[in-house]
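In: Fold the following.
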Amino acid sequence: MPGLSDFSGTAQWYVVHTYSGYENKVASNLQLVVENRKLQDMIQEIRVPTETVTEMKDDKMREVERKIFPGYVLVKMILTNDTWYIVRNTRGCTGFVGPESKPVPLTEAEIASLGIDKGSTVELPYSVGDTVKIVDGPLEGFVGTINEIDEENKMVRVTVSMFGRETPAELALGQVVSIS
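Out: Alright, predicted model coming up:
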């Protein structure tokens, strides 16, 4: 348990360790306690950092919400004996991140580098230089080589050999599959 001399009086971000898979449960339980005890001014924000990832599975594109830091919850709070006790004794919480479970606040640089805000990335089963088969559109059935992947626009540029000529084609990410 922290000593009173450790308190800064201002809200800072702390990292709380949880059982694997309990991140959302810990966050919702903690949020419920904050609302019931009217502690919004002491425990200000609770986050489970996630990112949206586009996956290719079974030739279908799916957007999946994925935890950036599995097993951890970020809590912005004013550290007191009461807030420490509330967070530490939330079901599924194993303690604060820090030496001997003593809460250590994140620095501004760490907060910025963590990318707490939601981002979006695309996870594909192929990369530049791979040979792919076109499975949809007017070039369906042709085989080509990936030259460029444009994740922002969800497009892929492929060079296809047609009639003895190299022909560039721009296709949607879901129109090609990797040839294994």
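In: For the protein, which segments count as helices?
Out: Using DSSP state H, the helices of the chain run over 23-36, 81-88, 108-114.
In: closest to Gly164 out of those helices?
Out: Gly164 sits nearest to helix 108-114 of all the helices of the chain, at 51.0 Å, using Cβ to Cβ. Placement of C-beta: from N, CA and C, glycine included.
In: how much distance is there from the closest one to the middle of the chain?
Out: 15 Å (Cα atoms, centre = their mean, to the nearest Å).
In: can you pull the buried residues of it?
Out: Leu114 (16 or more other Cβ atoms under 10 Å).
In: tell me which helix or strand of the chain sits lowest on mean pLDDT?
Out: Here the helix or strand of the chain ranked lowest by mean pLDDT, DSSP states H and E is strand 120-123, holding a mean of 59.
In: For Met1, give me the pLDDT.
Out: With respect to pLDDT, Met1 scores 49.
In: want to throw the helices of the chain into a markdown table with mean pLDDT?
Out: Shown next, in a markdown table, are these (pLDDT from 0 to 100):
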| stretch | mean pLDDT |
| --- | --- |
| helix 23-36 | 93 |
| helix 81-88 | 91 |
| helix 108-114 | 76 |
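In: Dump those helices to TSV, plus distance to Arg157.
Out: Converted to TSV, these look like this (distance: least, Cβ to Cβ, whole Å):
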stretch	distance to Arg157
helix 23-36	38
helix 81-88	49
helix 108-114	32
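In: Pro70: which of those is closest?
Out: For the helices of the chain, the distance to Pro70 is smallest for helix 23-36, at 7.0 Å, taking Cβ to Cβ.
In: same for that closest one, what does it pack against?
Out: Applying 3 or more Cβ pairs under 8 Å, 6 or more residues apart in numbering; DSSP states H and E, we find helix 23-36 packed against strand 43-47, strand 72-77, helix 81-88.
In: so how far is Pro138 from the closest residue to Val132 other than its chain neighbours?
Out: Nearest non-adjacent residue to Val132, counting by Cβ to Cβ, 6 or more residues apart in numbering: Val176, 4.1 Å away. Distance, Val176 to Pro138, by Cβ to Cβ, to the nearest Å: 13 Å.
In: Could you check stretch 50-59 and say which residues are buried?
Out: Thr50, Thr54, Met56.
In: any chance of the residues you listed in TSV, plus distance to Ala109?
Out: Shown next, in TSV, are the buried residues of stretch 50-59 (distance: Cβ to Cβ, whole Å):
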residue	distance to Ala109
Thr50	22
Thr54	30
Met56	35
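In: quick check, nearest of these to Asn153?
Out: Distances from Asn153 to the buried residues of stretch 50-59, taken by Cβ to Cβ, are shortest for Thr54, at 12.3 Å.
In: pretty sure the closest one is touching Arg62, no?
Out: Yes - between Thr54 and Arg62 a contact is recorded at 7.1 Å, counting by Cβ atoms under 8 Å.
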